[in-house]
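>>> Sequence and predicted model, in that order:
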Amino acid sequence: MADNSFSIDVAQIRERARQKMTDGPVTSGYKRSPDEVIGVLNDVLATEIVCWMRYSQHAISATGIDRAQVAAEFTEHADEERDHAMRAAERISQLGGDPDFNPETLATRAHTTYETFDDNDLKGMLQENLVAERIVIESYQEIIRWLGDGDVTTRRLMEDILAEEEDHADDIMDLLGN
């Protein structure tokens, strides 16, 4: 019968940790290029900032009979998008990178676009935000597959963000009456 007990060489792990202290959280078990992951996360950061700005703009500019309900949803989503951006920025920093908040390149790095609408076009705002959420969902699924077991921490971060993005899409579908 095979021995399936768990065993690690803590002394060896301690020695490796001391030798590679300047690598921070990137250990020998890290199977992705930190620079590539940082690049991907900077695109996620840009995407989340653009989504935060779009939802914020829509929450403020929305008018009409359904304004209160739709604006409240947009405000909630904006707050969550900002949180996603900050979580991505923190992970970039943990990996030894610099979060790229450069406003000159945000729109070109983001997976989604920033669209404005006539203040009375709540349906257009909802539809555009649903399209953006669907883009984010699909692109984040691809990022999660790419990360695999190579960077479990970033993968879990992206999975958490993805779950909230799916909730956003569901909320918008409810508001659209679909």
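Thanks, I have it.

>>> give me the number of residues near Gly64?
13 (other CB atoms under 10 Å). Using the backbone N, CA and C atoms, a C-beta is placed for each residue, glycine as well.

>>> pLDDT score for it?
On pLDDT, Gly64 comes in at 82.

>>> for the one 10 residues further on, same thing?
What the model reports for Phe74 is a pLDDT of 96.

>>> Hmm, Tyr55 is touching Thr75, no?
Yes - Tyr55 is in contact with Thr75 according to CB atoms under 8 Å; the separation is 7.4 Å.

>>> So if I had to pick from those two, which one is more boxed in?
Tyr55 (25 against 16).

>>> Quick check: which element contains that one?
Take DSSP states H and E as the rule and Tyr55 turns out to sit in helix 34-61.

>>> That helix: which residues count as buried?
34, 37-38, 40-59, 61 (16 or more other CB atoms under 10 Å).

>>> Give the next helix or strand downstream of that helix.
Taking DSSP H and E, what comes next after helix 34-61 is helix 67-94.

>>> in that next one, what's buried?
70-71, 73-75, 77-78, 80-82, 84-85, 87-89, 91-92, 94.

>>> picking that back up, which helices and strands does the helix holding Tyr55 pack with?
Applying 3 or more CB pairs under 8 Å, 6 or more residues apart in numbering; DSSP states H and E, we find helix 34-61 packed against helix 67-94, helix 106-109, helix 122-147, helix 152-176.

>>> right, and those - which one's nearest Ala11?
Nearest to Ala11 among the helices and strands packed on helix 34-61 is helix 152-176 (24.1 Å), distances taken as CB to CB.

>>> quick one, the closest one and helix 67-94 angle?
170 degrees (axes from the mean of the first three to the mean of the last three CA atoms, to 10 degrees).

>>> tell me what helix 152-176 is packed against?
helix 34-61, helix 67-94, helix 122-147.

>>> nearest spatial neighbour of Arg32, skipping sequence neighbours?
Gly150 (3.9 Å; CB to CB, 6 or more residues apart in numbering).

>>> do the same with Val44
Val44 sits nearest to Ala88 (CB to CB, 6+ apart), 4.7 Å away.

>>> That neighbour contacts Ile143, doesn't it?
No - when contacts are counted by CB under 8 Å, Ala88 is not listed as touching Ile143 (10.7 Å).

>>> what sits in contact with each of those two?
Residues touching both Ala88 and Ile143 (CB atoms under 8 Å, 6 or more residues apart in numbering) are Val44.

>>> residues contacting Ala89?
Ala89 touches 45, 99, 101, counting by CB under 8 Å, 6+ apart.
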